[in-house]
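A.B. asks: Task: produce atomic coordinates for the following.
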Amino acid sequence: MTSAPHTEHGIENLCAAGTELYERALGKGHISAGEAAEAPCLVDLGLLHPALDDLGRLEPVTPAVALNRLLRAGRARIAAEWRREELLVESLEPLTRIEHRHTTTADTPPLRLLSGTRRINQAIDEAMAQARREVLCIQPHAGMVGERGAAAYSAAHDRDKAFLDRGGRFRTLYQHTLFHVPNVYAYAEEMTGDNVARGLDEVPDRLFVIDNAVAFLPADDDGKLALEVHHPALITYFVTTFDRLWRLATPMFPKAQHRPTVNGVTPRQQAVAALLIEGHTDAVIAERLGMNIRTARVHIAKLAATLGSESRAQLGYLIGRSGILEERERGL
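C.D. replies: Down below sits the predicted model:
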């Protein structure tokens, strides 16, 4: 059976085998080269060296000599770093006096990638603590309040309530399917007052824009990475996009506005119809409208029954001929 390979390490983390072998060498005054194979680190670190009269024998360097050598090397590195620092100051310090209108002193980068749920939530909490005016939110199905853990939900509730108490205002876009999730609706209702919540059949991925100064958006599919954005051009783009979606959305409060049924086709079925004629599968339709695939298929079946369709191909033709999508666009 072969022994495990020796792991490389520094002298400050001398391994157990190396410590035992070094103590043996100090006690005897030497060890054989074969014994040293147990801990090759001793030769690599300069604690053992070959005897001049017998290359098969290794003699130890005394701890005092080894310590003095290592300390001297450390002092030399420190001195070199101090000298490098002095040179940097000499080179760059005079340039710091030069003012230029294109230079910036901002410490915050225009884009920053945040990793991990805790770090993302911490960054949002820090931005919310400074917020005073308005927060724009897009909350798709994946960002529903009900999926938060109890501790995260409580922390977000306290944070958002403190923002409202400072006179701030929320505008939040939800997916229509979330209106039927009780805790989501209750949370949105509590956070309204002068604040507003609206719904759309489809919304983009999650987005926060805080005081038109900083935005947060996902940077991966599982919510473990987020992008923190401070770039003014990108912030303006996010705000403009939000406002255009806002005008297309229907209010949730004080009473949810229900869009009209057209030729016996409900608003939900109209949204399904719009995706059907684009050629999407049942799974894609369910995902984009924030429902499970079984519910999507129920809507498709009811739509087919209402329009008198006997096949999926015929259903697309009947949807186009019925005019329900034109009526839906006018209703938006």
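A.B. asks: for the stretch 101-250 of the chain, what are the low-confidence residue spans?
C.D. replies: Low-confidence segments of the stretch 101-250 of the chain, defined by pLDDT under 70, span residues 101-107, 141-155, 176-195.
A.B. asks: all helices for it, in order.
C.D. replies: For the stretch 101-250 of the chain, the helices defined by DSSP state H, counting those that start in this stretch cover 117-130, 150-165, 182-190, 232-248.
A.B. asks: any chance of these in CSV, with mean neighbour count and distance to residue 18 too?
C.D. replies: Where you see a C-beta, it was placed from the backbone N, CA and C, and this is true even at glycine. Formatted as CSV, these follow (neighbours: other CB atoms under 10 Å; distance: least, CB to CB, whole Å):
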stretch, mean neighbour count, distance to residue 18
helix 117-130, 15, 39
helix 150-165, 14, 46
helix 182-190, 16, 60
helix 232-248, 14, 55
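A.B. asks: Of all the ones you listed, which one is nearest residue 68?
C.D. replies: Closest to residue 68 of those, according to CB to CB: helix 117-130, at 44.7 Å.
A.B. asks: CA atoms only: put that closest one into PDB for me.
C.D. replies: Extracted in PDB, the C-alpha atoms of helix 117-130 (Å, rounded to 0.1, in the frame of the first residue of the first chain):
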ATOM      1  CA  THR A 117     -28.000  35.400  -1.700                       C
ATOM      2  CA  ARG A 118     -26.700  36.900   1.500                       C
ATOM      3  CA  ARG A 119     -24.400  39.400  -0.300                       C
ATOM      4  CA  ILE A 120     -27.200  40.300  -2.800                       C
ATOM      5  CA  ASN A 121     -29.700  41.000   0.000                       C
ATOM      6  CA  GLN A 122     -27.100  43.000   2.000                       C
ATOM      7  CA  ALA A 123     -26.400  45.300  -1.000                       C
ATOM      8  CA  ILE A 124     -30.100  45.800  -1.600                       C
ATOM      9  CA  ASP A 125     -30.600  46.600   2.100                       C
ATOM     10  CA  GLU A 126     -27.800  49.100   2.100                       C
ATOM     11  CA  ALA A 127     -29.300  50.900  -1.000                       C
ATOM     12  CA  MET A 128     -32.800  50.800   0.500                       C
ATOM     13  CA  ALA A 129     -31.500  52.300   3.800                       C
ATOM     14  CA  GLN A 130     -30.400  55.400   1.700                       C
END
